[in-house]
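3D model of this:
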Amino acid sequence: MKAAFLAALLAAAPAAAAQVQPTLQQQVEAKFAEAGPGVRFGLVVATLDGRELLTINPDGRFVPASNTKLFTTITAYELLPGLDQPDAAGGARVRLEEGLPGEPNVVLEGGGDARLSSAPDCKVNCLSTLADAVAARTKRVRTVIGNAQAFADERWSFGMSWNNIPTRSGTAIAALVIDDNEIALRVTPGGSDQAPTVAAPAYVQVVNFAKTVSEGKTDLGVQRLPGSKRVVLTGTIKAGAPEELIRLGVDDPADYAAWRFDQMLKERGVRVNGYSVARYRTFPNLPPPPSLSADLAALTPPPLGEDIVTINKSSQNLHAELLLRRIGAARGKPSVAGGLEAVRAMLTQAGVPERAATLADGSGMSPYNRVSPRGVVTMLRWAAGRPWGADFRASLPISGVDGTLRNRFRDGGLKGRVFAKTGSLTAASALSGYLLTARGETLVFSALASDVPEDVRATAIMDGALEMIAAAR
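Here you go, the predicted structure:
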């Protein structure tokens, strides 16, 4: 009797143990709990046909950070034609207009392209081509005008933090930009206890309070108030250290482009007797005045689709914001509001309700943006079924391979199997896209975190949760 009872008890033990094993939902919730109190996580994982496999706070509203670029680029794929063709509409052009007798004004006009370059080694889409055209026509000009009137003068979207504006992440937006609208400071160590050497364009005034040290580490800082060209360099650089490259944002893109073009004309023997100025569209609803002279030369940049890959792979804020304005321009409203109207139209078509996506910009730098994981997954599922769905997925970073995911999932089974957009902003982290399971199934997911303290590694926690999910499939 006792032996039979014991045998029955032993036979039941494995079944009882199986009953207390945590579910996948419980495992992921426990992983998120590692962040401690106060941190909010949201997660939706679904199949391509819409079956939700796991949800945690699916309709919560989170700061998406650079996941916002998903909304911008998907709208571009849906609404803008010819993304695989040369971008003639966005290219910069130059013309001469009437000035003083024998001294025409030079007008450098932008069309919204983000890739115009003044680099000495430029091969494609080069400002030097336009400077050569002017130099071939005349050796005397009066005023060099940077014309950014193709878009409304909205250099920052709503919510841009003032402390981000001086940085390359928050550089100003305009229809005319060159060199990613960034200025580079190159800092080289000097002698011990001496100031380092700073090389920078004359467009800015550098005040150098930094010091070279024989002991310690390189720890440089830069201060620049919004709207100012005065840059204050502080901190230390170690003797013998390599050159430090510091990139700063520009607040007046058309002015900077005109100034740089002025310099290039002088390098070509063109006498500039006036100065450089900027033109912006002050009243967004009024179109710019038509030009009274023909183009002297015009550039045709590479396909805009190539820039979308840059936006998603590298999380390029300036390019994303310009794309949003170009989306609006395609609908006759070359402004932030016009672009966001087009994004909302796309979301309505995709079946995403308004509360699931409230946006203020095209890049994700605005903390006003709010999205839900379910809303993001709904959009991504819809995008996967569009004719351009494969191109969109190919524009996303690949885990352990490239873009902003090149250093994530490198050592586990998910290397090369996550195609997703990253996102990081103060107290927020995000990762949304597609996941290929070991058995070849494609899952759509959105993992969002808000209210994250500085000492919490939310990114690692979310990555760990995705690894659990992939292993369970």
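
show me where the stretch 101-250 of the chain has helices.
If DSSP state H, counting those that start in this stretch is used as the criterion, the helices of the stretch 101-250 of the chain fall at 127-137.

care to break the chain down by domain?
24-84+303-472, 86-155+252-302 (automatic domain parsing).

quick one, which of these is packed in tightest?
Per-stretch averages of neighbours, counted by mean count of other C-beta atoms under 10 Å, single out domain 24-84+303-472 among these, with a mean of 20. Backbone N, C-alpha and C define where each C-beta goes, glycine included.

Could you tell me the end-to-end distance of that domain?
Taking C-alpha to C-alpha, to the nearest Å, the span from the opening residue of domain 24-84+303-472 to its closing residue is 7 Å.

do stretch 286-305 as well
End to end - C-alpha to C-alpha - stretch 286-305 spans 29 Å.

now that stretch: how far from the chain's centre is it?
Using C-alpha atoms, centre = their mean, to the nearest Å, the distance from the centre of stretch 286-305 to the centre of the chain it belongs to is 25 Å.

which residues sit against it?
Applying C-beta atoms under 8 Å, 6 or more residues apart in numbering, the external contacts of stretch 286-305 come out as 76, 80, 82-88, 90-98, 107, 109, 113, 115-116, 124-126, 129-130, 132-134, 137, 147, 149-150, 281, 323, 326, 391.

The domains of the chain into TSV, with extra columns for mean pLDDT and distance to residue 241?
Conversion of the domains of the chain to TSV gives the following (pLDDT from 0 to 100; distance: least, C-beta to C-beta, whole Å):
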stretch	mean pLDDT	distance to residue 241
domain 24-84+303-472	97	24
domain 86-155+252-302	94	25
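
can I get those in CSV with distance to residue 171?
Conversion of the domains of the chain to CSV gives the following (distance: least, C-beta to C-beta, whole Å):
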stretch, distance to residue 171
domain 24-84+303-472, 6
domain 86-155+252-302, 8
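
Sort out for me which of the contacts of stretch 286-305 are in strands.
Judged by DSSP state E, the subset of the contacts of stretch 286-305 located in strands is 93, 94, 95, 96, 97, 98, 107, 109, 147, 149, 150, 281.

Distance of the fifth one relative to residue 83?
For residue 97, the distance to residue 83 (C-beta to C-beta, to the nearest Å) stands at 33 Å.

for the first one, same thing?
Residue 93 sits 21 Å away from residue 83, going by C-beta to C-beta.

Next: the second one.
The spacing between residue 94 and residue 83, counted by C-beta to C-beta, is 26 Å.

can you check the last one too?
Taken as C-beta to C-beta, the spacing of residue 281 relative to residue 83 amounts to 25 Å.

you'd agree residue 230 is up against residue 224?
Yes. The pair residue 230 and residue 224 qualifies as a contact (C-beta atoms under 8 Å) at a distance of 6.8 Å.

which of those two has more neighbours?
Each of residue 230 and residue 224 has its neighbours counted (other C-beta atoms under 10 Å); residue 224 has more, 20 against 11.

With adjacent residues omitted, what lies nearest to that one?
residue 166 (4.1 Å; C-beta to C-beta, 6 or more residues apart in numbering).

and what of residue 130?
Here the residue nearest residue 130, using C-beta to C-beta, 6+ apart, is residue 94, at 4.2 Å.

likewise residue 211?
Among residues not flanking residue 211 along the chain, residue 236 sits closest, at 5.5 Å (C-beta to C-beta, 6+ apart).

mind listing what that neighbour touches?
210, 211, 212, 213, 216, 217, 218, 219, 220.

if I look at the fifth one, how far off is residue 235?
Here the criterion is C-beta to C-beta. By it, residue 216 lies 10 Å from residue 235.

The third one too?
From residue 212 over to residue 235 the distance is 11 Å, taken as C-beta to C-beta.

And those two? Which one has more around it.
Taking neighbours as other C-beta under 10 Å, residue 212 and residue 235 compare with residue 212 leading, 22 against 17.

circling back to that earlier point, okay, and the beta partners of the residue nearest to residue 130?
Here residue 94 shows beta-bridge partners residue 108, residue 297, assigned using DSSP bridges.

Hmm, residue 133 and it touching each other?
Yes. In terms of C-beta under 8 Å, residue 94 counts as a neighbour of residue 133; the distance is 6.2 Å.

mind listing what residue 258 touches?
Residue 258 sits in contact with 108, 144, 145, 146, 276, 277, 278, where contact means C-beta under 8 Å, 6+ apart.

I would like a PyMOL command selecting only the buried ones among the contacts of residue 236, please.
Remark: buried members of the contacts of residue 236, expressed as a PyMOL selection using 16 or more other C-beta atoms under 10 Å:
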select buried, resi 210+211+212+213+218
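
among the contacts of residue 236, which one has the lowest pLDDT?
Across the contacts of residue 236, no position has a lower pLDDT than residue 216, which has 88.

And the closest residue to it other than its chain neighbours, how far from residue 208?
Sequence neighbours aside, residue 236 is the residue nearest to residue 216 in space, at 6.0 Å (criterion: C-beta to C-beta, 6+ apart). Residue 236 sits at a distance of 12 Å from residue 208 (criterion: C-beta to C-beta).

Equivalent analysis for residue 304, please.
Relative to residue 208, residue 304 is positioned 40 Å away (C-beta to C-beta).

same deal with residue 179?
Taking C-beta to C-beta as the criterion, residue 179 is separated from residue 208 by 23 Å.

Between these two, which is the more surrounded one?
The residue with more neighbours, out of residue 179 and residue 208 and counting by other C-beta under 10 Å, is residue 179; that gives 20 against 17.

Contacts only, for the more buried one.
When the contact criterion is C-beta under 8 Å, 6+ apart, the partners of residue 179 are 116, 117, 118, 119, 260.
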